[in-house]
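S.K.: this is a predicted model, with the sequence first.
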Amino acid sequence: MVRQHYSWAYAWLRLLIVILSISSSSSSSSRGRDKHPDYKDALSKSIIFFQGQRSGKLPSNQTIRWRSDSGLSHGSPEHVDLVGGYYDAGDNIKFGLPMAFTTTMLAWSVLEFGRKMMIMHQHEHEEERQMMVHEAVRWATDYLLKASAHLPQALYVQVGDPVADHKCWVRPEDMEMEMNMEATPSTVYKVTPSDPGSDVAAETAAALAASSLLFKDPAGSDHYSNALLHAAEKAFDFANRYRAKYSDSPLLHSAVCPFYCSYSGYLDELQWAAAWLYRATKNSSYLQYAISTAVEDDCDTFSWDNKLPGTRILLSQYSFGADGGDKSTARFNEEAKRYICNVLPNLQSTTVQYTAGGLMYKMNATNLQINYILGDNPKGMSYMVGYGEKYPQRIHHRGSSLPSIQQKSEPFGCGDAFQSYYYTSEPNPNILIGAVVGGPNHEDEFYDDQDNYAQSEPATYINAPLVGSLASLATTSGS
């Protein structure tokens, strides 16, 4: 029964993350391509990318050497330790909602495909063996534990003023230089009982719960796993008890909108977190909570904002089994099927647009599929930096676009670099290995320009869902 139970979860997750690679593969035949991309190489690079987004004190085994320590005083205005975590994209801000979603997706990828990764790594080069995704998850969870340490009084959800940051083009390592501290303040934002944020708190709970499963140690102490789970339950209780969208808070609105407004509300995150807590604890009250949370909307987007498809796929697994499964979860299976039918091409039920090159295109979304990302597209270029012979050279990313401290030890001032390094046609001096950019437009066109942030900016939540699907493809495609 366990094997069948797992296989359905495995199949649904693969459909969720990999299904769009099938559609891009189907278009490859019309372009005369019959060779699989090198999924193993892409997997290794997709994990390395997270090192380029690290904030805090960097470890000695850092592969991306042009990055250095940054944000070592984060949290000090509130007298808390918020050192660590990830910058979300090409800026120098630590946004809590996308960071937590990134963590959940990385953990889910390993939980479902970890065995495949381990088998693959046994036969890979030493550099790739070292790029274990566990390190990427733990870099985030160490930070999320700090951010949630003061619950139920406060959950810290952001470090950095995005409005000020977007007026500066400096390396992360330069932010805390005296010359820049006023221009790029490391402002700390939090949700509290009087200014709540159910969405960001519930996503934090989901990330911690999923990661607690990842760090369970069958041969030793579960101290770290238990700490994650305890924090997850506190975050969920806070999210459920004090209900509101975090972007509705007067103290947070201008700091998170329009960057990461909670457009979908918070019920999807509450249901998503309950699903993960049920998987982590087997406490039936969490399953009943997820079932009783009425979110009936059909949708065709799974993202840092909208978790409904992910929840439905996660919970659909419980409707299967040798004993007939849990019938109370059957509706999640039906809802998951409808999501799949909404995004598959060439069906009457399809609700999304596809380009002539086979790309699923949605406005205000990352528009990429796996084979399309790796070069099976009309441009014949990879949209993963460092993969293949042709890839974006001028990505919208501060650290990548500016000479590193090793190359130029003097700090950049807030406005010093715009003319010389931002408005330039020269390639970025530092290659952010594995970074997947926003991608082409509805006509399969891509403009490799730092100022074109919609197409050329990478983000952690773009890479995170790729990890599991690349691991699966690497061991099933013959690559």
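M.R.: Thanks, I have it.
S.K.: low-confidence bits of the stretch 51-200 of the chain, can you list those?
M.R.: 115-131 (pLDDT under 70).
S.K.: quick one, strands of it?
M.R.: Ranges of strands in the stretch 51-200 of the chain, per DSSP state E, counting those that start in this stretch, are 94-95, 155-159, 188-191.
S.K.: to Q369, which of those lies closest?
M.R.: Distance to Q369, taken as CB to CB, is lowest for strand 94-95 among these, at 25.0 Å. Heads up, the C-betas are built off the backbone N, CA and C, glycines and all.
S.K.: which strands border the closest one, and is each parallel or antiparallel?
M.R.: Strand 94-95 pairs in its sheet with strand 155-159 (antiparallel), by DSSP bridges.
S.K.: for the strand it pairs with, C-alpha coordinates in PDB please.
M.R.: Extracted in PDB, the C-alpha atoms of strand 155-159 (Å, rounded to 0.1, in the frame of the first residue of the first chain):
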ATOM      1  CA  LEU A 155       7.400  36.800  12.600                       C
ATOM      2  CA  TYR A 156      10.100  38.700  10.700                       C
ATOM      3  CA  VAL A 157       9.300  38.600   7.000                       C
ATOM      4  CA  GLN A 158      11.600  41.000   5.200                       C
ATOM      5  CA  VAL A 159      15.000  42.700   5.400                       C
END
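S.K.: how far does that strand sit from the chain's center?
M.R.: Centroid displacement of strand 155-159 relative to its chain, using CA atoms, centre = their mean, to the nearest Å, is 17 Å.
S.K.: give me the contact list for it.
M.R.: Contacting residues not belonging to strand 155-159 are listed as 71, 74-75, 78, 80, 82, 85, 93-97, 146-148, 150, 186-192, 197, 200-201, 204, 235, 238, 246, 252, 255-256 [CB atoms under 8 Å, 6 or more residues apart in numbering].
S.K.: nearest to I340, out of the strands of the stretch 51-200 of the chain?
M.R.: Ranking the strands of the stretch 51-200 of the chain by proximity to I340 (CB to CB) places strand 94-95 first, at 29.4 Å.
S.K.: got the contact list for A164?
M.R.: The contact partners of A164, taken as CB under 8 Å, 6+ apart, are 183-185.
S.K.: what of S284?
M.R.: Y278.
S.K.: so what's the backbone phi/psi at it?
M.R.: As for S284, its main-chain torsions (degrees, to the nearest 10) stand at phi -60, psi -20.
S.K.: and it, how far is that from F446?
M.R.: Distance check for S284 against F446: by CB to CB, to the nearest Å, it reads 49 Å.
S.K.: and what of V137?
M.R.: Taking CB to CB, one finds V137 at 31 Å from F446.
S.K.: of those two, give the one with the bigger neighbour count.
M.R.: Neighbour count, other CB atoms under 10 Å: between V137 and F446, V137 has more, with 26 against 20.
S.K.: dump the residue contacts of the closest residue to the more buried one other than its chain neighbours.
M.R.: Once flanking residues are discounted, V137 sits nearest to L106: 4.9 Å by CB to CB, 6 or more residues apart in numbering. By CB under 8 Å, 6+ apart, L106 lies in contact with 133, 136-137, 140, 464, 467.
S.K.: return the subset of these lying in helices.
M.R.: Using DSSP state H, the members of those that fall in helices are 133, 136-137, 140, 464, 467.
S.K.: what's the most distant pair in the residues you listed?
M.R.: Spatially, the most separated pair among these is A140 and V467, at 13.0 Å (CB to CB).
S.K.: wait, isn't P152 in contact with N240?
M.R.: No: P152 sits out of contact with N240 when judged by CB atoms under 8 Å, with a separation of 11.2 Å.
S.K.: more neighbours, those two?
M.R.: Shown here are P152 and N240; by other CB under 10 Å, N240 has more neighbours (18 against 15).
S.K.: quick check: that one touching D199?
M.R.: No: if you go by CB under 8 Å, N240 and D199 don't touch, sitting 11.7 Å apart.
S.K.: what separation do you get for P218 and A227?
M.R.: P218 sits 17 Å away from A227, taking CB to CB as the criterion.
S.K.: more neighbours: which of these two?
M.R.: The residue with more neighbours, out of P218 and A227, is A227; 15 against 5, by other CB under 10 Å.
S.K.: can you name every helix or strand that the helix or strand encompassing the more buried one contacts?
M.R.: According to DSSP states H and E, A227 maps onto helix 223-241. When contacts are defined as 3 or more CB pairs under 8 Å, 6 or more residues apart in numbering; DSSP states H and E, helix 223-241 packs onto helix 133-147, helix 198-214, helix 267-281.
S.K.: tell me the angle of the second one relative to helix 223-241?
M.R.: Put plainly, it is helix 198-214. For helix 198-214 against helix 223-241, the angle between stretch directions is 160 degrees (axes from the mean of the first three to the mean of the last three CA atoms, to 10 degrees).
S.K.: send me helix 198-214 as CSV with only the CA atoms.
M.R.: Below are the C-alpha coordinates for helix 198-214, written out as CSV (Å, rounded to 0.1, in the frame of the first residue of the first chain):
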residue,chain,number,x,y,z
SER,A,198,-1.5,34.8,7.4
ASP,A,199,-0.1,34.2,4.0
VAL,A,200,3.5,34.7,4.7
ALA,A,201,3.2,33.0,8.1
ALA,A,202,1.5,30.0,6.7
GLU,A,203,4.0,29.7,3.8
THR,A,204,6.8,29.8,6.5
ALA,A,205,5.0,27.0,8.3
ALA,A,206,4.8,25.0,5.1
ALA,A,207,8.5,25.5,4.4
LEU,A,208,9.5,24.5,7.9
ALA,A,209,7.2,21.5,7.9
ALA,A,210,8.3,20.2,4.6
SER,A,211,12.0,20.7,5.6
SER,A,212,11.4,18.9,8.9
LEU,A,213,10.7,15.7,6.8
LEU,A,214,13.8,16.3,4.8
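S.K.: sorry, back to before: neighbour-wise, which of the contacts of A164 leads?
M.R.: When neighbours are counted by other CB under 10 Å, T184 leads these with 24 neighbours.
S.K.: my guess is that one contacts F412. True?
M.R.: No: T184 lies out of contact with F412 (CB under 8 Å); the separation is 10.8 Å.
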